[in-house]
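K.L.:
Structure of the sequence below:
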Amino acid sequence: MKRFILFLLSLGLCGSLYASDPPGSRYEQSLLDTIRDIQSLNYEQALSSTRNLIKQYPHSRLGHMLYADLLLAKAEPLTEIGHGIEVDRAMRDFRYEIRQRWQHDAGPSHNDLYPENILFVAEDQPYVILIDQQSSRVYVYRNDGGDLQLETDYFITIGLKGYGKQKRGDQKTPIGIYHVTRYIDGGELPDLYGEGAFPINYPNAWDLRKKRTGGGIWIHGTPSYTYNRSPWASNGCIVVSNPDFLHIDRYISPDLRTPVVVAERVNWISRDQWLGKRQQVMQLLSTWLSDWESLDHKRYSRHYSRVGLDAYGRDFDSWDGHKRWVNRNKTWVEVEYNKLSIFGYPGEEDLLLMQFEQSYRSNNLSIDSPKEIFWHKNADQWQIVYEGNRTFPVPDTTIVEN
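P.N.:
From the prediction side, this is the model:
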């Protein structure tokens, strides 16, 4: 095994943290400052910094490893880390964690960029959670009167086998749009879950459409014996350090069902691009509603995919016949919405999710209901492939993944 310090020297990057003040950012800053000292060959300062790091964060396994490595470097040239102990997996994890933290630190600020996956956030949602699994990062965005403002970010752990959960026990973290269902205090949980947990509603309607299985996917804390877990270490959950869990708690509300956008990798776009996409999706929504209210069935039905449609459990032919029968005695229809959220669905090409509260009025029926619609772009045309009432099932209390 090559000397670990050589790996640190090989990073060759620099940067500065832009996050606000979660506890994890202070830990991360201390860790990266130590690495910069090593890069500068200032081993005495690095040793002092690392000593302070593990004094302040005694459960930092990475800090203890750096300290041991620097002590050995004072005595003789290092040829391996761990002094003969089998640490191959641990070394890979430590290297990957440092690389993830360092690349985030050295990368461009996202303050002037927007995530392509979040286009509209309902006015009753003060925050939305965005997870970039490839970067081992969770971002918190504030809903600023319809605009998005980056509030803070945290280092995270995801599933041992990566992302793209398909079935129970595959040790992968899902990709999709979810919401927080409840809060579980850490005192009610095994030590593995740290200070507490926020379960999310995996599997959602799209996961069920894709026949994905499993459950028990949570945002939760870290066991007491370590400051944080390595980037890929859970059975599918999203894990933050305990100090960060207590900090992110202020942004998550189970009562409001805080949205959680879980992406493989976030695509960052400029504000002008973001505003342009918002305008396009609003035009799509407006045209669909206008054609619905026109009672012109040909115009209305063009918005629905003839292949693979699931509209309240009906395929296209069944839906088409039902709508013709329902509208046979209609003389007028009005459809309005509020609490609109629109997301570019992660992990899928050209897929949009719209969620809103729908108010339907006609000459013979009035009904209010929560709506969820998935649009897929086929060639140059966006069409609905799934339409249903947005449901909020009773959370599963079984601990399945972690």
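K.L.:
Contact partners for residue 171?
P.N.:
With contacts defined as CB atoms under 8 Å, 6 or more residues apart in numbering, the neighbours of residue 171 are 159-161, 234-236, 401. For every residue, glycine as well, the C-beta is placed using N, CA and C.
K.L.:
In a strand, it, correct?
P.N.:
No - using DSSP: H, G, I helix; E, B strand; the rest coil, the assignment for residue 171 is coil, not a strand.
K.L.:
Okay, domains of this protein per the record?
P.N.:
Annotated domains of the chain cover 4-106, 114-269, 271-389 [automatic domain parsing].
K.L.:
Need those domains in CSV (columns: mean pLDDT).
P.N.:
What follows is the domains of the chain, written out as CSV (pLDDT from 0 to 100):
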stretch, mean pLDDT
domain 4-106, 74
domain 114-269, 97
domain 271-389, 97
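K.L.:
Give me the spatial nearest neighbour of residue 376, chain neighbours excluded.
P.N.:
Among residues not flanking residue 376 along the chain, residue 385 sits closest, at 4.7 Å (CB to CB, 6 or more residues apart in numbering).
K.L.:
Could you give the number of residues near that neighbour?
P.N.:
20 (other CB atoms under 10 Å).
K.L.:
distance of it from residue 265?
P.N.:
24 Å (CB to CB, to the nearest Å).
K.L.:
Buried deepest among the domains of the chain, which one?
P.N.:
The highest mean neighbour count among the domains of the chain, using mean count of other CB atoms under 10 Å, belongs to domain 114-269: a mean of 20.
K.L.:
where along this protein do the helices fall?
P.N.:
Taking DSSP state H, the helices of the chain run over residues 4-11, 23-39, 43-56, 61-75, 88-106, 205-209, 242-248, 271-293, 297-301, 316-326.
K.L.:
just checking, what packs against the longest one?
P.N.:
Think helix 271-293. Where contact means 3 or more CB pairs under 8 Å, 6 or more residues apart in numbering; DSSP states H and E, helix 271-293 is packed against strand 114-115, strand 118-120, helix 297-301, strand 333-344, strand 351-362.
K.L.:
would you list those in JSON lines and tack on distance to residue 36?
P.N.:
JSON lines is the format used below for those (distance: least, CB to CB, whole Å):
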{"stretch": "strand 114-115", "distance to residue 36": "29"}
{"stretch": "strand 118-120", "distance to residue 36": "33"}
{"stretch": "helix 297-301", "distance to residue 36": "61"}
{"stretch": "strand 333-344", "distance to residue 36": "37"}
{"stretch": "strand 351-362", "distance to residue 36": "42"}
